[in-house]
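A.B. asks: sequence isn't available, so here's the structure alone:
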C-alpha cells in the first residue's frame with residue numbers, strides 16, 4: 001500500500017466518514033482553504049486509479065466509496081512511521097511519545113492495559 005499525499009488523506013478521511021458520496025458532498029468536509037471542484041475531482045480519480053476508491057454510476061454522475069478501510073490504512077501508515085523514524089521498534093516509538101507528550105501515569109497505565117487486552 002502506498003502512502004497518500006496530505007490532501008489525498010483528507011479526501012479519504014471524508015469518504016471514511018460518510019461511506020458513499022458525490023464529489024460535491026466531499027468538498028465542504030475538507031479543511032480550509034477549500035480546493036476547487038476540479039482539483040478534488042482530479043484527486044478522486046487518482047485515488048480511484050491507486051485502488052483506494054471505487055464508484056457506482058447514479059444517473060449520469062459517479063458516487064464514490066472507499067475500497068480501503070480506515071483501519072487498513074492506519075496500520076500501513078503506522079508501520080511506515082515506525083520503520084522510518086523508530087528503527088522498526090514499537091517500544092522506541094511508545095517511549096518517544098511518553099516522553100514528548102508528557103503522558104500522565106494514568107495515560108501510561110491505560111496504554112499498558114490496552115496492549116494487554118489486545119494480546120492473544
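C.D. replies: Happy to help now that I have it. On a predicted model such as this, the values are computed, not experimentally measured, just so you know.
A.B. asks: just the helices in the protein please.
C.D. replies: 6-18, 23-26, 37-49, 70-85, 90-100, 105-118 (DSSP state H).
A.B. asks: to residue 61, which of those helices lies closest?
C.D. replies: helix 23-26 (8.6 Å; C-beta to C-beta). In this view, the C-beta of every residue, glycine as well, is placed from N, C-alpha and C.
A.B. asks: give me the helices and strands touching the closest one, please.
C.D. replies: helix 6-18, helix 37-49, strand 61-66 (3 or more C-beta pairs under 8 Å, 6 or more residues apart in numbering; DSSP states H and E).
A.B. asks: could you dump these to JSON lines with mean pLDDT and mean neighbour count?
C.D. replies: As requested, these are arranged in JSON lines below (pLDDT from 0 to 100; neighbours: other C-beta atoms under 10 Å):
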{"stretch": "helix 6-18", "mean pLDDT": "96", "mean neighbour count": "17"}
{"stretch": "helix 37-49", "mean pLDDT": "97", "mean neighbour count": "16"}
{"stretch": "strand 61-66", "mean pLDDT": "97", "mean neighbour count": "17"}
